[in-house]
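Colleague: only geometry, no sequence info:
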């Protein structure tokens with residue numbers, strides 16, 4: 001991944017891309033568990049600031065070592081600024097929302113992102129349209145989301161609706177970010193793309209934490225440190241760059257076709273590491289969301305004859 005490859009056309013996922021996507025699902029399935037663990041000993045926004053500060057240092061070091069271009073023209077910098085705003089908001093919702101709900105539920109709600117992408121892509125990306133298959137998948141996933149909300153709110157446990165809604169808003173923002181990332185293909189290197197977003201976001205997260213989380217203790221316990229290392233290096237530095245690389249070389253709907261596995265990993269990790277247990281109806285809700293994401297994404301790939309070839313564009317250095 002030394003140079004940003006021009007998007008000549010969107011190919012079906014090959015074996016490597018498929019395996020990488022599944023690996024990312026397994027990694028990101030543990031991300032919300034890591035967030036939950038880190039917020040047990042630290043305030044959520046401050047924890048996010050530390051995580052992305054670490055990610056920034058790792059990515060900048062890698063970019064300098066690989067001689068990745070980090071300076072771009074005005075058009076590219078505008079795209080990076082927009083992506084940074086969405087990145088900043090998405091991570092606030094992920095951290096604060098997860099602190100207000102369970103890690104398993106946060107994973108499921110956040111990875112409704114492909115459903116929002118399926119609704120937005122026909123209007124914002126070429127050669128994509130809403131089909132009856134997508135509508136069926138969206139309906140199936142919606143039933144799953146409703147089941148998750150209903151069973152939680154009707155029980156005797158503390159309501160998590162605020163955290164659930166906050167995480168869902170982050171999923172919607174993430175869908176817009178995926179489309180914006182797709183539009184940067186061939187113009188901005190994937191490492192530079194994530195490096196800029198992290199470098200601009202972590203000071204803002206730190207400043208926001210200073211204002212709204214003043215007085216809350218930061219306890220660098222063993223579990224908090226391990227969680228931040230996992231989130232900062234494995235989930236963010238590797239995961240975000242790999243995902244951007246996949247998005248820039250494949251159809252957005254193809255890349256997200258396998259992300260229905262992420263909530264499965266997330267629920268399993270939440271049960272194993274945190275002892276979180278879902279009721280049978282909630283498990284049916286998870287199944288509905290996962291199947292809905294799969295139906296929507298797997299049916300949205302581009303057909304070869306519909307592909308429009310473009311002249312490659314390279315990133316400009318200033």
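Modeller: Cool, got the structure. Bear in mind that the values here come from a model prediction, so they are computed numbers and not experimental data. Numbers count the residues shown, from 1 in each chain.
Colleague: could you say what helices and strands the longest helix seen in the chain packs with?
Modeller: Secondary structure of the chain per DSSP state H: the longest helix is helix 74-100. Using 3 or more CB pairs under 8 Å, 6 or more residues apart in numbering; DSSP states H and E as the contact definition, the elements that helix 74-100 packs against are helix 31-38, helix 44-66, helix 103-110, helix 161-183, helix 190-212. Where C-beta positions appear, they are placed from N, C-alpha and C, glycine not excepted.
Colleague: mind running it again at 6 Å?
Modeller: helix 31-38, helix 44-66, helix 161-183, helix 190-212 (3 or more CB pairs under 6 Å, 6 or more residues apart in numbering; DSSP states H and E).
Colleague: Report the angle between it and helix 161-183.
Modeller: Using axes from the mean of the first three to the mean of the last three CA atoms, to 10 degrees, the inter-axis angle of helix 74-100 relative to helix 161-183 is 160 degrees.
Colleague: and helix 74-100, how far from the chain's centre?
Modeller: From the chain centre to the centre of helix 74-100 is a distance of 10 Å (CA atoms, centre = their mean, to the nearest Å).
Colleague: ok now stretch 134-154, how far from the chain's centre?
Modeller: Using CA atoms, centre = their mean, the offset of stretch 134-154 from its chain centre is 20 Å.
Colleague: any residues touching it, and which ones?
Modeller: Applying CB atoms under 6 Å, 6 or more residues apart in numbering, the contact partners of stretch 134-154 are 115, 118, 159-160, 279, 281-282, 284-285, 288-289, 291-292, 295-296.
Colleague: Could you list the low-confidence segments of the stretch 151-300 of the chain?
Modeller: Along the stretch 151-300 of the chain, segments meeting pLDDT under 70 span 151-158, 252-253, 257, 297, 299-300.
Colleague: What pLDDT does the model give residue 133?
Modeller: We have a pLDDT of 80 for residue 133.
Colleague: Can you give me the separation between it and residue 18?
Modeller: As judged by CB to CB, to the nearest Å, residue 133 and residue 18 stand 20 Å apart.
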